[in-house]
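1. sharing a sequence plus its predicted fold:
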Amino acid sequence: VRRAVALFEEAKRRRANLVPLRLQLMLLYGQLRRFDDLFKELDVILGLSPQARQMLLPELVRLIADPDGRRALAAVIIQNPEWKEPFYAVAQTQNPNPADVASLIGELKRLQPSYDDAAERRLLISALVHGGDVGRAHDLWLSFLPPDVRERSRLIFDGEFRGYAAAPPFGWHFAQSDVGRAEIRVTPGEPSHLLIDYFGGRTVVLAEQVLALSPGRYTMD
């Protein structure tokens, strides 16, 4: 691998704007755990070809599982790069280990104790859900709600249909399709309610939310 890196670095000096060459060099840096060089190449590649992001971000997600990779990743994320939000969106589709995500957040906190970003929260909650720890994910999700909303949402979020906003995955999700639509209707002077219009034609889910209930029996009024 080191010999290949030397050859690609020489080729880069001759063809500095050749994106496929730099992509391969970036992957080789990752194999050698030269993470600082990896991120330098990343910045150059994105500058030359923003379209390359689609190929690069899944490779960056792999760093979450590597202790050294996490530290290098955190050092870059703390600077708020323009690819941060797309990176977390891709990471949610890759289902990283929740413990690794928590370690990444811990590394960010170590670098900047006051650091707090909703993107990392969403990733951790998503990782917990996909890992089967739905109860813990729900507790964490609840902790970020305003206190008054939190107390009303222990079992069902916004069961009174007051139109509260909340991040996925435990809030209301409404469909808008050619066979129907759903929304919460809040009108001054009238009871808030869930409004569903179904036009027929096929079976469709128009309003849903993920619940995290302890074993037992429940009655919905």
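-> Arrived safely, thanks for sending.

2. thought Trp172 was touching Ile184?
-> Yes - counting by C-beta atoms under 8 Å, Trp172 does reach Ile184; the two are 7.1 Å apart. (Each C-beta comes from the backbone N, C-alpha and C, glycine too.)

3. these two: which has the busier surroundings?
-> Applying other C-beta atoms under 10 Å to Trp172 and Ile184 shows that Trp172 carries more neighbours, namely 20 against 17.

4. now do the contacts for the more buried one.
-> Contacts were defined as C-beta atoms under 8 Å, 6 or more residues apart in numbering; by that measure Trp172 touches 157-158, 166, 184, 207-209.

5. would CSV of the residues you listed with secondary structure and distance to Leu46 be doable?
-> Below are the contacts of Trp172 laid out as CSV (DSSP: H, G, I helix; E, B strand; the rest coil; distance: C-beta to C-beta, whole Å):
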residue, secondary structure, distance to Leu46
Phe157, coil, 38
Asp158, coil, 39
Ala166, coil, 32
Ile184, strand, 40
Ala207, strand, 40
Glu208, strand, 37
Gln209, coil, 37
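
6. neighbour-wise, which one of those leads?
-> Of all the contacts of Trp172, Phe157 has the most neighbours under the rule other C-beta under 10 Å, reaching 21 neighbours.

7. mind checking pLDDT for that one?
-> pLDDT recorded at Phe157 is 91.

8. where exactly do the strands run in this protein?
-> For the chain, the strands defined by DSSP state E occupy 173-174, 176-177, 180-185, 193-198, 207-208.

9. and the contacts of the first one?
-> Pointing back at strand 173-174 there. With C-beta under 8 Å, 6+ apart as the contact definition, strand 173-174 has outside contacts at 181-184, 206-209.

10. what is the mean pLDDT for that strand?
-> Averaged over strand 173-174, pLDDT sits at 90.

11. relative to the whole chain's centre, how far out is it?
-> Shown here is strand 173-174, whose average C-alpha point lies 19 Å from the average C-alpha point of the whole chain (C-alpha atoms, centre = their mean, to the nearest Å).

12. who does that strand pair up with?
-> Pairing partners of strand 173-174, with direction, according to DSSP bridges: strand 207-208 (antiparallel).

13. just how off-centre is the strand it pairs with within its chain?
-> Offset of strand 207-208 from its chain centre (C-alpha atoms, centre = their mean): 22 Å.

14. mind starting the numbering at 8 from now?
-> Let's use 8 as the start, then, which means that last one is strand 214-215.

15. which residues touch it?
-> Surrounding strand 214-215, the residues in contact under the criterion C-beta under 8 Å, 6+ apart are 179-182, 189, 201, 203.
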